[in-house]
Structures are given as structure tokens and as C-alpha cells.
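> return a 3D structure for these sequence lines:
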Amino acid sequence: MSDLIPGTAASLLIHGTITSHTNLTGDGEPDLHPAVREFFDGLPPALREPFIGYCAESALVSDELFGFDRQRGDGRTATLDEAVPHFAGAAVVARKIRPHGDPEHGTEAEVCRSCSALLDRLGITILHDQA
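Take a look at the predicted model:
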């Protein structure tokens with residue numbers, strides 16, 4: 001899968017904490033939170049990327065949701081509806097990872113249409129470079 005998608009890294013700011021992740025690679029399906037997987041499975045074809053679920057943004061949201069589930073302590077997995085208040089005020093930024101010397105390294109990476117839909121659903125702001 002790593003040959004099909006450019007390298008990206010994203011950072012999520014939530015509740016005063018920044019976490020970062022790179023896009024996912026390797027064989028098999030990514031271990032996404034069930035609510036993220038269900039959301040992606042329900043997307044219309046126009047919003048489904050061929051690499052859906054391998055982005056840094058979906059990994060960040062999944063990791064945060066797994067942590068939210070642990071905090072709740074009731075053994076259930078959160079739905080996106082339940083998680084919306086948890087993500088209030090959250091923001092994400094994405095950057096390109098390129099080889100040393102490549103002028104695009106570290107520049108803003110466009111969030112894919114699948115992850116854009118997920119972030120929008122949760123109310124997470126996508127931060128962009130200032131012109």
C-alpha cells in the first residue's frame with residue numbers, strides 16, 4: 001500500500017494535547033476504531049478514496065476514539081454521535097513527507113475526501129497554511 005500513497009504526517013490538537021501519526025502502511029487492513037470503519041463503509045463512492053483508512057488522519061481519530069472508550073470505562077465502543085462533544089475545539093494539520101532535499105517535504109498536505117468527511121462529521125477543524 002505504501003507505494004500507492006504519498007507519505008504524510010498529521011497532528012491532532014485536542015484538549016490541549018498534540019498527537020501525531022504518519023499514514024499507515026503494510027499488509028492487511030488498518031486497525032481502525034469500529035465507528036471510523038462504519039463511517040467509511042457507509043460513505044458514497046464519490047467520497048471513497050482507494051486508500052481509505054490508511055491516512056494519518058483516520059489513524060489519529062481512531063487512536064483518540066480508542067482512548068475515549070477506555071476513559072468511559074463501560075466496555076462499549078463509542079459511536080461518532082457520542083464522540084462529537086469529545087472532539088469539540090479539536091484541530092488537525094497535515095504535512096507531506098518527502099525525501100531529504102525535496103522542496104515539498106513539510107509542506108501542507110491536502111486531507112483526502114474520505115478523511116475530510118470524517119473530520120467534518122466530528123467537527124474537527126482542518127488547519128491550513130496562511131497565504
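> any weak-confidence spans in the chain?
Applying pLDDT under 70 to the chain picks out residues 1-6, 131.
> ranges for the helices of it?
Counting by DSSP state H, the chain has helices at residues 34-41, 56-72, 80-83, 113-122.
> ok and the second one relative to helix 34-41, angle-wise?
The reference is to helix 56-72. Per axes from the mean of the first three to the mean of the last three CA atoms, to 10 degrees, the angle that helix 56-72 makes with helix 34-41 is 140 degrees.
> run through the neighbouring helices and strands of helix 56-72.
strand 7-14, strand 17-22, helix 34-41, strand 91-97, helix 113-122 (3 or more CB pairs under 8 Å, 6 or more residues apart in numbering; DSSP states H and E). No exception for glycine: its C-beta is placed from N, CA and C like everyone else's.
> export it to CSV, keeping only CA atoms.
Extracted as CSV, the C-alpha positions of helix 56-72 are listed here (Å, rounded to 0.1, in the frame of the first residue of the first chain):
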residue,chain,number,x,y,z
ALA,A,56,-2.7,9.6,9.2
GLU,A,57,-5.9,11.5,10.0
SER,A,58,-8.0,8.3,10.3
ALA,A,59,-5.3,6.8,12.5
LEU,A,60,-5.3,9.8,14.7
VAL,A,61,-9.1,9.8,15.1
SER,A,62,-9.2,6.1,15.7
ASP,A,63,-6.5,6.3,18.4
GLU,A,64,-8.3,9.1,20.1
LEU,A,65,-11.6,7.1,20.0
PHE,A,66,-9.9,4.0,21.4
GLY,A,67,-8.6,6.3,24.3
PHE,A,68,-12.1,7.8,24.7
ASP,A,69,-13.5,4.3,25.0
ARG,A,70,-11.0,3.4,27.8
GLN,A,71,-11.9,6.6,29.6
ARG,A,72,-15.6,5.9,29.6
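> how near is A9 to G89?
22 Å (CB to CB, to the nearest Å).
> again, but for K96
Distance from K96 to G89, by CB to CB: 26 Å.
> ok, now C112?
Counting by CB to CB, the gap from C112 to G89 is 23 Å.
> quick one on the thing from earlier: between A9 and G89, point out the one with more neighbours.
Neighbour count, other CB atoms under 10 Å: between A9 and G89, A9 has more, with 16 against 11.
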